[in-house]
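> Got a sequence here, can you build the structure:
(2 chains, ligands or ions: 2)
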Amino acid sequence: MSVQTTTQPQAAAPTATGGTAALELHNVTKEFPGEPPVRALDDVSLRIDHGELVAVVGPSGSGKSTLLNVMGTLDRPTHGIVSVDGIDTAERSDNEVAGIRARKIGFVFQQFFLLPGMSAIDNVSNGLLYQGVPPRERAARSIEALERVGLGHRLQHPPNHLSGGERQRVAVARALVHSPAFVLADEPTGNLDSKSTGAVMKLIHDLHSDGTTIVVITHDTAIAESLPRQVAVLDGALASDSARRDREVVAT
Amino acid sequence: MTTTAAESTASKLRFGDVFRVGASGPRARKMRTALSALGVSIGIAALVGVLGLSESSKSALLDEISSLGTNLLTVEAGGGFGAGDSALPDTALATISRIPTVTAASAVWEVDADVYRNEFIPEGETGSVRVVAADVELVETLNGELALGQFLDESTSAYPNAVVGSIAAERLGIRNLDQPSYVLIGDDYVEVIGILEEFPLAADLDRAVLIGKDAAIDVYDAGDNPAVVYTRVVDGAIDSTRDVLPTAADPENPEEVTVSRPSDALEAQAAADDALTTLFLGLGAVALLVGGIGVANVMVIAVIERRGEIGLRRSLGATRAHIRRQFLTEAVILSVLGGIGGVIVGVSATYVYATSQGWRVIIPQEAALGGFFGAIAIGAIAGLYPAMRAAKLAPTEALRS
Ligand SMILES: Nc1ncnc2c1ncn2[C@@H]1O[C@H](COP(=O)(O)OP(=O)(O)OP(=O)(O)O)[C@@H](O)[C@H]1O
Ligand SMILES: [Mg+2]
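Numbering: from 1, shown residues only, chains lettered A, B, ... in the order given. Ligands and ions are numbered 1, 2, ... in the order given. Got it, this is the predicted structure:
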């Protein structure tokens, strides 16, 4: 299986052409039915390469979460193409797309979504559950992932015995444990105090240094500024992309 | 670098993980699990217990009937009004004995004498204990037994000697025969040489004091016309013998002869128990239904409460089928826990009660297995709708909470 290849550190700087992108959107539009219909995403094209750390910023209601859902294949676009690690998801059945999520995408949510009554290990090992990894291997890889996020001493703790920052680190470990092509984080620090926010952001930077591809949705401009690339969304359209500016600068 | 389509194989959940995932919800919510399982277990316990008890009690009754024999027919006088003295002709015992399908016949005769414990008991207070004369084969014909002492034989029945029925013994205050015991029959004290066990097929004799036929005729002027002839018949020929018995007993007035089969009454009792069992089974089934509705209810609530979990699992790669399977498994786990508990309680209750009654403990396999598999079916049915709802939920909708 070639899943393993997806985490190999690649050039941290985005390359405009050549190689397989971790994630690619082509003219993606998302409309929600209604009177009148809501166009939450309007002709968005975006390429995120392996090893990138990208901030998606925008005001409330601008379409950030819709963008994350479409990038994460949780929702299909009305028009346009979403390719995950070179796979065009439009041509795949719902079950195959679920398989793509199981192997290639990691999610971190504002509300953590850890399952109560389950130890940190078991919560993390859910990240491998729907790939059919045997239980022993799941446990071993979950311990590794928890050590990677600095929670090697909290393996057996259920979520209600962990602080908010620790919970989000467990969720990050769950998003990483299957070595996905990229991790999508929707307001990962939205429920955290400033100290925990700092710890989680440091973790995200560390993971990025190790080669993990991460997209962080945030409306905290300070956090966005601290990341190497910022994509701004406004009324469902891409308002600016620091990488494109860089590239344009290089081109001229 | 080219990406092959093979990478995007559909997600899969291992067989063992289906159970692990299905058990994770009930495990994390132990109180709720226990309560919803309890609902099912009450129904299953009722069904298993009722079936177990009714089988145990019925088998006890049938054992008793078969040990007493169903081939006993009682022949009595008593056809209708104006029958005069209600006794059979004095030839009845002999003619009945000559029927080829009759294997044994014994008679009792009325004796016109009262019996008292002693002469200090006021006259008339007999405690409805009667004196009858019996032939020496009576106990054998009835498959009866003696609790103490012995029955009348050729020599003891020629002189005043008495054998008392089980209830008569109590009323006359005879508990044992360690010392010679006497009862007052007519004007004479008569020695008691035996106490009978109960006679379920001839309950009249439980209240009787039996004396030998010769002594009855010599001492108490008893007549020669038998009151009752107890008849053992070849098993296959009961109905045909029953038809010829009246004529054989009293060729002149066959319509004045009544033939009955005492085991019918016991069998009717077993059948009556059946009706009661059906009623209780119905109640158990209602309890089970209520338990199943409880599981369905808990599952509907679980699906509403755990939208976040459903969305999370979809984001981790679960398909709709995986979600459906998870909640279906969860419902089945709840009701199987209830089923196991119910079978244990039902079997224990049967065991304790049947043992206390001295019955053989019989747990019908259909009851125990049926209880278990019934619980699985209840869980699957109860979980179907909630599981479908959980599976239908779109991941984005589930995650928005
Ligand atoms: N399921 C839906 N049906 C109809 N309209 C929707 C749906 N989901 C989102 N929208 C609309 O699409 C637009 C974008 O919503 P979205 O949740 O993506 O914004 P957001 O940038 O994440 O906002 P916030 O920062 O407040 O989370 C909004 O106008 C919203 O009302
Ligand atoms: Mg949002």
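> Distance-wise, check the closest residue to A:Lys30 other than its chain neighbours relative to A:Ala21.
Once flanking residues are discounted, A:Lys30 sits nearest to A:Leu41: 3.9 Å by CB to CB, 6 or more residues apart in numbering or on different chains. Where you see a C-beta, it was placed from the backbone N, CA and C, and this is true even at glycine. With distances taken as CB to CB, to the nearest Å, A:Leu41 is found 18 Å from A:Ala21.
> cool, and A:Gln168?
Distance of A:Gln168 to A:Ala21, computed by CB to CB: 27 Å.
> Helix, strand, or coil at B:Asp112?
coil (DSSP: H, G, I helix; E, B strand; the rest coil).
> show me the contacts for it.
B:Asp112 makes contact with B:Tyr220, B:Asp221, B:Ala222, according to CB atoms under 8 Å, 6 or more residues apart in numbering or on different chains.
> Tell me which entries of these lie within helices.
Counting by DSSP state H, the part of the contacts of B:Asp112 found in helices is B:Tyr220.
> out of the contacts of B:Asp112, which are buried?
Among the contacts of B:Asp112, those buried by neighbour count (16 or more other CB atoms under 10 Å in any protein chain shown) are B:Tyr220, B:Ala222.
> Show the backbone phi and psi for the residue nearest the centre of chain A.
Residue closest to the mean C-alpha point of chain A, counted by CA atoms, centre = their mean, is A:Leu184 at 1.1 Å. When read as degrees, to the nearest 10, the backbone of A:Leu184 gives phi -110, psi 120.
> hang on, it packs against A:Phe109?
No: in this structure A:Leu184 lies outside contact range of A:Phe109 using CB atoms under 8 Å: 9.3 Å.
> hmm, back to that, want to throw the contacts of B:Asp112 into CSV with distance to chain A and pLDDT?
CSV is the format used below for the contacts of B:Asp112 (distance: CB to the nearest CB, whole Å; pLDDT from 0 to 100):
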residue, distance to chain A, pLDDT
B:Tyr220, 87, 86
B:Asp221, 92, 84
B:Ala222, 87, 82
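> hmm, back to that, ok, the residue nearest to A:Lys30 - contacts?
Neighbouring residues of A:Leu41 by CB under 8 Å, 6+ apart: A:Val28, A:Thr29, A:Lys30, A:Gly63, A:Thr66, A:Leu67, A:Val70, A:Pro77, A:Gly236, A:Ala237.
> Please identify, among these, the one with the most neighbours.
Among the contacts of A:Leu41, the one with the most neighbours (other CB atoms under 10 Å in any protein chain shown) is A:Leu67, at 29 neighbours.
> Let's verify it: helix, strand, or coil?
helix.
> List the contacts of it.
The contact partners of A:Leu67, taken as CB under 8 Å, 6+ apart, are A:Leu41, A:Val44, A:Val56, A:Ile217, A:Val233.
> could you pick out which of those residues are near ligand 1?
With the criterion set as CB under 6 Å from any ligand atom, no member of those is near ligand 1.
> that older thread, now, which of the contacts of A:Leu41 lie within helices?
A:Thr66, A:Leu67, A:Val70.
> For B:Tyr353, which non-adjacent residue is closest in space?
In space, and not counting its chain neighbours, B:Tyr353 is closest to B:Leu53: 6.0 Å by CB to CB, 6+ apart.
> quick one: that neighbour and B:Val352 touch, right?
No: under the criterion of CB under 8 Å, B:Leu53 is not in contact with B:Val352, lying 10.3 Å apart.
> who has more neighbours, the two?
In this view B:Leu53 and B:Val352 are compared by other CB under 10 Å, and B:Leu53 has more residues nearby, 23 against 11.
> For B:Phe151, pull up the helix or strand it's in.
According to DSSP states H and E, B:Phe151 maps onto no helix or strand at all.
> before we move on, which element is the residue nearest to it when sequence neighbours are not counted in?
Ranked by CB to CB, 6+ apart and with sequence neighbours excluded, the top spatial neighbour of B:Phe151 is B:Val139, at 4.8 Å. Here B:Val139 sits within helix B:138-141, counting by DSSP H and E.
> got the contact list for that helix?
By CB under 8 Å, 6+ apart, helix B:138-141 touches B:72, B:104-108, B:144-146, B:151, B:196, B:210, B:230-232.
> go on, stretch B:251-271?
With CB under 8 Å, 6+ apart, stretch B:251-271 has contacts from B:58, B:61-62, B:64-65, B:68-70, B:72-80, B:83, B:88-89, B:95, B:200-202, B:238, B:242, B:245-247, B:249-250.
> hmm, 7 Å instead?
With CB atoms under 7 Å, 6 or more residues apart in numbering or on different chains as the test, stretch B:251-271 has contacts from B:58, B:61-62, B:65, B:68, B:70, B:72-80, B:83, B:200-202, B:242, B:245-247, B:249-250.
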